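Novice: Return atomic coordinates for the entry below.
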Amino acid sequence: MNYLEKFQLYLEIEKNFSHNTVSAYLSDIQQFFRFINKTPEKIVPDDISAFLVNLHMKGVSVATANRKLSAIKTFFNVMLRKGIIDQNPAALIETAKTEQRLPHPIDEQTIEKLINAPDNLRDRTIMEILYATGIRREELVNIKISDIDLQEGSLRVIGKGNKERIIPLYPKILMLIKELIQTHNSKWLFPGRKNNHLSTRQVNDIVKKWAQKIKQENITPHKFRHSFCSHLYKAGAELKVIQDLAGHASPNTTNLYTKVSNTRNRLEYLRFHPHAREKVSNE
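Specialist: You can find the predicted model right below:
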């Protein structure tokens, strides 16, 4: 068994990663070794630095380069545990700092137009649920009828890392869901072809279609998630509640919405405070 096979087994069995995640890790490691063309025990820190410099020269984003470095660090940690190498050559190489992007939520008026745009029950329910729950595309398409408690008015979601969370559903959503369930016999809330569910690509296409209908560009399913979090925070919800509902693994992710609010607060302050509008004399 070669080192890549051992790494794959570690990811699949010990870490229980999904097929897509395992493929991404293996792809990053294979790219690294194609560039270096050495066996693991001969790799030195300079080799890894050279690989990262090469990525930068090719215009690869800092976030992508950091992801590849993370895969490399994990790989060499595994090789160290397996006794294939004596030390991790990536241990002291630090990730590059990335500029933290603030999320851009959809305004409430546009959300209402989007939700009311579809001429069919399925598409309207999809967008209503995206905004009402803040769930990810992958979580949306994987909703089963059994995940919905119509009596309690809640949705059970299995998110990243197989973590379960329960999200409350308001009456309007429950009404749409009840109607949609009556239109098919699938175990999935949003059935697709061959007894499977809709794909995430189809959800992208659905959102794009109705966004264009109301003459809006660059609206994605993920922007509904940002809007869910931002609008809850704007209305006064506690950050811990938003973190739990959205399934954020780190509070730092949720804290981005305070920055969005702080930016808005500053603009409003400078716009409306009487003294803030006064010009300062140069004398």
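Novice: C-alpha only now, for contacts and for neighbours.
Specialist: Noted.
Novice: Identify the residues contacting the residue nearest to residue 160 when sequence neighbours are not counted.
Specialist: Sequence neighbours aside, residue 247 is the residue nearest to residue 160 in space, at 7.9 Å (criterion: Cα to Cα, 6 or more residues apart in numbering). Residue 247 sits next to 159, 160, 165 when contact means Cα atoms under 8 Å, 6 or more residues apart in numbering.
Novice: Buried subset of the residues you listed, written for PyMOL?
Specialist: Buried residues among the contacts of residue 247 (16 or more other Cα atoms under 10 Å), as a PyMOL selection:
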select buried, resi 159
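Novice: nearest to residue 26, of the contacts of residue 247?
Specialist: residue 160 (19.7 Å; Cα to Cα).
Novice: Quick check, pLDDT for that closest one.
Specialist: Note on residue 160: pLDDT of 78.
Novice: Quick check: it vs residue 136, distance?
Specialist: Residue 160 is 10 Å from residue 136, where distance means Cα to Cα, to the nearest Å.
Novice: again, but for residue 70
Specialist: For residue 70, the distance to residue 136 - Cα to Cα - is 24 Å.
Novice: Please say which of those two ends up with more neighbours.
Specialist: Neighbours were counted for residue 70 and for residue 136 using other Cα atoms under 10 Å; residue 136 has more, 20 against 16.
Novice: Double-check the more buried one against residue 222; I have them as touching.
Specialist: Yes. The pair residue 136 and residue 222 qualifies as a contact (Cα atoms under 8 Å) at a distance of 6.7 Å.
Novice: Could you check how many residues crowd around residue 171?
Specialist: Other residues close to residue 171 by other Cα under 10 Å number 11.
Novice: Quick check: closest non-adjacent residue to it.
Specialist: residue 153 (7.5 Å).
Novice: dump the residue contacts of that neighbour.
Specialist: Counting by Cα under 8 Å, 6+ apart, residue 153 has contacts 168, 169, 170, 171, 174.
Novice: do residue 129 as well
Specialist: Contacts of residue 129 by Cα under 8 Å, 6+ apart are 135, 173.
Novice: mind running it again at 6 Å?
Specialist: Applying Cα atoms under 6 Å, 6 or more residues apart in numbering, we find residue 129 in contact with no residue.
Novice: doesn't it fall inside a strand?
Specialist: No. Counting by DSSP: H, G, I helix; E, B strand; the rest coil, residue 129 is located in no strand; its state is helix.
Novice: Good, we can wrap up now.
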